[in-house]
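1. Pasting the sequence and the predicted coordinates here, then a few questions.
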Amino acid sequence: MRKCAKPISVTKVWPMLELEKVEASYGRSQALFGVDLSVEDGSVVTLLGRNGMGKTTTIRSIVGLLSAQAGTIAFRGQQIAGLRPHQIGRLGIALVPEGRQIFPTLSVRENLVATAADRHRREKPWTLDRVNELFPRLQERADQLGGSLSGGEQQMLAIGRALMTNPHLLILDEATEGLAPLIRQEIYDCLAGLKADGESILIIDKNIHELSRIADRHVIIEKGQTRWTGTHSDFMADPDLRHRYLGV
């Protein structure tokens, strides 16, 4: 008798992050009406759109600061909608929030070590020395209070603080808002280095030129819905798309 072949076991490869039809509200005011996006392991994805279209609300929903009322949010294959922010952080998502929100009365060094953790035993973990190597200015100001730093230095500190949690996914909300051009370039040089090291990044920023240096894919949100998603080359090849959703 002919033997039946054994079924082949296929292991599903999950995206690092995947949102499907996410809806969220502030009280009775609905802000998200169906957001879809995904971030693959080791990729850089931008979240684009005019002000007030739901970008920050999407981020808040991902990290648990706002409860999603419909849809799914999966991180490395695990549903995380409904988890508390600290639980999501421990799974490996780190947020660099809009406005930086560093601890102003702690020193630079204290800001960094306050969040230090390597729960996932990374092969090359982020340590104080490694963050100082990425941002030498932080080492120079190690004993200064966080509140005494310039805006650019505070942003470096916020990124370093997030990296000290050794996340699987780094999220930046308004990565270079209000920063001088030279500082913006320095921040993006560091982000390019993170990408080269294989970090997974989801980023909101208005500086399309600098985003072009690092982005693999773009997601455009309008009025709380995903309107377009695609590769960076497709995005740059369609000036009408950029004017329609991003132009003033």
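-> Yes, it's here.

2. where's the longest helix along the chain relative to the chain centroid, distance-wise?
-> In the chain, assigned by DSSP state H, the helix with the most residues is helix 181-196. Centroid separation for helix 181-196 versus its chain: 14 Å, with CA atoms, centre = their mean, to the nearest Å.

3. Which positions in that helix come out as buried?
-> Neighbour-count burial for helix 181-196, counted by 16 or more other CB atoms under 10 Å, picks out 183, 184, 186, 187, 188, 190, 191, 194, 195. Placement of C-beta: from N, CA and C, glycine included.

4. ok, now stretch 217-233?
-> For stretch 217-233, the neighbour count (16+ other CB under 10 Å) marks 217, 218, 219, 220, 221, 222, 224, 225, 226, 228, 229, 232 as buried.

5. and those residues, which of them are in strands?
-> Counting by DSSP state E, the part of the buried residues of stretch 217-233 found in strands is 217, 218, 219, 220, 221, 222, 225, 226, 228, 229.

6. which residues sit in contact with residue 81?
-> By CB atoms under 8 Å, 6 or more residues apart in numbering, residue 81 lies in contact with 22, 61, 67, 68, 71, 72, 73.

7. State the distance from residue 103 to residue 215.
-> Distance of residue 103 to residue 215, given as CB to CB, to the nearest Å: 31 Å.

8. neighbour-wise, which of the two wins?
-> residue 215 (22 against 16; other CB atoms under 10 Å).

9. Tell me which residue is most central in this structure.
-> Nearest to the geometric centre of the chain sits residue 171, at 1.5 Å (CA atoms, centre = their mean).

10. That one falls within a strand, correct?
-> Yes - assessed by DSSP: H, G, I helix; E, B strand; the rest coil, residue 171 belongs to a strand.

11. Let me know the pLDDT of it.
-> At residue 171, the pLDDT value in this model is 97.
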